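*Asks:* quick one, what's the 3D model for this:
(2 chains)
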Amino acid sequence: MRPISFSIEKEIPGSLARAGILHTPHGEVNTPAFVAVATKANLKGIPSVHFKELGVQTIIANTYHLYLSGLDAVEKAGGVGKFMGFSGPTMTDSGGFQVFSLGVGFGKKISKFLPEQKDPTKGRDEREPNSLLQDFSAPAVWDEDLATSHGKLAIIDEEGVSFTSHLDGTFHRFTPERSVEIQHRLGADIIYAFDECTAPTADYDYQKEAADRTHRWAARSLKSHRGNIDKNNTQGIYGIVQGGRFEDLRIESAKTIAAMDFDGFGIGGSFSKHDILGILDKVNRELPKEKPRHLLGIGEPEDIFIGVESGIDTFDCVLPTRNGRNGGIYTSRGKIQIPNAEFREDFSSLDKDCECIVCKNYTRAYVHHLFRTHEMLGPILASMHNVYFLTNLTERIRLSILDDTFKVFRDDFLRCYQSK
RNA sequence: GCGUCGGUGACAGAGUGGUCAAUUGUACUUGGCUGUAAACCAAGCGGCUUCGGCCUACGGAGGUUCGAAUCCUCCCCGGCGCA
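*Replies:* Next up, the predicted model:
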């Protein structure tokens, strides 16, 4: 009996959407579910004692960050969950995202989504992706001077990735085997294969090269995990599908990863906003229906609906906490910037339709005031509300699937959310 | 009263003859953030504008100069010292 299993409770006919239960050694996760991001073993700003009332069923921590600081303590504490005072199911990301964020993404303001071309007739937007690609594909072997000259903290080769710590400049090397070993020590219920998260701007040839490499790393990650009898009995491992925005690469990747004996699947990397639904749907059709699927790092409410409709069970995203920390508040009528002047004397709750502990006890004017005065409680309350907003959204989606009202719920929600 | 130092855009505080509508920080206004190098980053921040400029501004009034926030004179205001 594997430590991780998934049971489907209900499906929407004619769609891949389903409601289910993810079973782990630390309890169940009702899906669709939002997985709160606790990179360094904390959901930024929110004590784990509040998880339950905020609807947080499960969290995902990060291998790279915890490896750089805290690994021994986490291990000795009995795993990342125990360490952070959370008894529920946990995941750890493999560090593959840092291949991107500290690699080609370092020093650049690029997100996981392909930037929309503002004026396709102008050459500049065309040129930018290529220049990123060029400066990315050059080094294939670790070389400090070369890496520095390229302004990156991570470079990739076939065996793995070499990092310069963003904290102290020390050198570190991740391989699939190393990532899995560290994740074993971190002790989460679900660990991820080490992958390469590519830039959305990378071209076809590079995306293919990276996806193929990710497949080889997936096999090595899986072998490494299954080879550890103890850990294999207590932790599950997800493989990660890559391929960027290219449909055929995505399908090929999904088939390749699906053929391996993973306990579940992550869909990673970048997409282009306008056809994410189509690609996700096709990807998920290649993945075994009875295993759980996680969409890595995506999360705006609109994206969650798209994900659910194309068969995603769990999502994680930094936006609720990052937006919250920076003053962005999710409401049923769209996002608002709570520090803005218009909320100075707005004594209504953050979201009039929200039942969270923040909305039940505090006003927009108060949270606005906390942000204006740089009081830490502002970002905390905002983060708490936002996390609830996302967990509540997935919970309501789940309930709507169970009682056959998904499409009505989706249309009502989006109409209101996008009404501003 | 004498002496001395100083009065710069919302505030603090640079500038000390032209490259100054004036560095910088804060405040203010608004954006952005999608497996967290992020309690962060970006843009704007005198008025008008046909976006080429035009007007008004560095306590006030004169003056020197081709040209003054910058130099001179007087006045007003403030700090400090001595009476």
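
*Asks:* all helices for the stretch 51-200 of chain A, in order.
*Replies:* A:63-68, A:71-77, A:80-83, A:96-99, A:123-137, A:144-149, A:176-186 (DSSP state H, counting those that start in this stretch).

*Asks:* now the weakest link among the ones you listed, please, by mean pLDDT.
*Replies:* Looking over the helices of the stretch 51-200 of chain A, mean pLDDT reaches its minimum on helix A:123-137, with a mean of 33.

*Asks:* could I get the contacting residues of the residue most central in space within chain A?
*Replies:* By C-alpha atoms, centre = their mean, chain A has its centre lying nearest to A:Gly297, at 2.3 Å. By C-beta atoms under 8 Å, 6 or more residues apart in numbering, the residues touching A:Gly297 are A:97, A:112, A:268, A:316-318. Glycine gets a C-beta too; all of them are placed from N, C-alpha and C.

*Asks:* got it, and A:Ser87?
*Replies:* By C-beta under 8 Å, 6+ apart, the contact list for A:Ser87 reads A:26-27, A:81.

*Asks:* buried subset of those residues as a PyMOL selection?
*Replies:* In PyMOL, this line selects whichever of those come out buried by 16 or more other C-beta atoms under 10 Å:
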select buried, chain A and resi 26+81
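
*Asks:* any chance of the contacts of A:Ser87 in CSV, plus distance to RNA strand B?
*Replies:* Converted to CSV, the contacts of A:Ser87 look like this (distance: C-beta to the nearest atom of the strand, whole Å):
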residue, distance to RNA strand B
A:His26, 19
A:Gly27, 21
A:Gly81, 16
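
*Asks:* tell me the residues of the stretch 151-300 of chain A that contact RNA strand B?
*Replies:* A:153, A:166, A:192, A:195, A:197, A:240, A:242, A:266, A:268-269, A:273, A:296-300 (C-beta under 7 Å from any atom of the strand).

*Asks:* out of the contacts of A:Gly297, who's the most crowded?
*Replies:* Neighbour count (other C-beta atoms under 10 Å) singles out A:Gly268 as the most crowded of the contacts of A:Gly297, with 31 neighbours.

*Asks:* ok, that residue touching A:Gln242?
*Replies:* Yes - using C-beta atoms under 8 Å, A:Gly268 makes contact with A:Gln242 at a distance of 5.7 Å.

*Asks:* overlap of the contact sets of these two?
*Replies:* A:195, A:197.

*Asks:* contacts only, for the residue lying closest to A:Ile191 once chain neighbours are set aside.
*Replies:* Closest residue to A:Ile191 apart from its sequence neighbours, by C-beta to C-beta, 6 or more residues apart in numbering: A:Gln183 at 3.9 Å. A:Gln183 makes contacts with A:63, A:92, A:94, A:191-192, A:235, as judged by C-beta under 8 Å, 6+ apart.
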